[in-house]
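>>> below is the structure, and that's it, no one-letter string:
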């Protein structure tokens with residue numbers, strides 16, 4: 001499967017427009033069995049998304065970090081749903097234990113994220 005290149009124009013600030021090149025890896029295609037996983041492709045997608053995320057976050061105004069962080073915490077709820085599904089009875093015990101660990105980590109991330117967001121919002125309140 002060939003790598004697909006997509007060009008997106010993203011306006012990240014009022015004055016600037018940047019062009020981001022995203023490469024869709026064959027790792028995004030569904031695998032057909034347990035031996036068909038393209039680990040290097042998945043590592044490529046992970047690293048690419050990390051660098052793109054870092055670039056986007058660095059260009060966000062400081063005043064917008066609080067709502068952005070709050071939204072990120074809400075999106076983390078998707079990880080909780082996935083962890084609950086994996087921790088279900090349909091999987092072997094090793095996978096279920098990993099699902100419970102993921103559930104604990106996701107809930108900890110969400111709760112601490114909302115506490116930090118609340119603390120950041122208190123900095124903007126006038127007494």
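Perfect, thanks for sending it. Remember, it's a predicted structure, so these values are computed and weren't measured experimentally.
>>> for residue 56, what are phi and psi?
Note on residue 56: its backbone torsions stand at phi -70, psi -40 [degrees, to the nearest 10].
>>> pLDDT score for it?
At residue 56, the predicted lDDT confidence score is 84.
>>> for it, give its distance to residue 72.
Distance, residue 56 to residue 72, by C-beta to C-beta, to the nearest Å: 12 Å. The C-beta positions use only the backbone N, C-alpha and C, and glycine is treated the same way.
>>> next: residue 52.
Look at residue 52 and residue 72: by C-beta to C-beta, they are 15 Å apart.
>>> swap in residue 110?
On the measure of C-beta to C-beta, residue 110 and residue 72 end up 10 Å apart.
>>> give me the more crowded residue out of the two.
residue 110 (18 against 14; other C-beta atoms under 10 Å).
>>> so who does that one touch?
73, 76-77, 80 (C-beta atoms under 8 Å, 6 or more residues apart in numbering).
>>> wait, a strand at it?
No - counting by DSSP: H, G, I helix; E, B strand; the rest coil, residue 110 is not part of a strand but helix.
>>> how far away is it from residue 117?
Separation of residue 110 from residue 117 (C-beta to C-beta): 11 Å.
>>> overlap in contacts of those two?
Listed as contacting both residue 110 and residue 117 by C-beta under 8 Å, 6+ apart are residue 73.
>>> contacts for stretch 112-127 next, please.
So stretch 112-127 is contacted by 65-66, 69-70, 72-73, 76 (C-beta under 8 Å, 6+ apart).
>>> for residue 107, what are its contacts?
Contacts of residue 107 (C-beta under 8 Å, 6+ apart): residue 80.
>>> secondary structure element holding it?
Using DSSP states H and E, residue 107 maps to helix 93-124.
>>> mind telling me what element residue 74 is part of?
In the assignment (DSSP H and E), residue 74 maps to helix 65-75.
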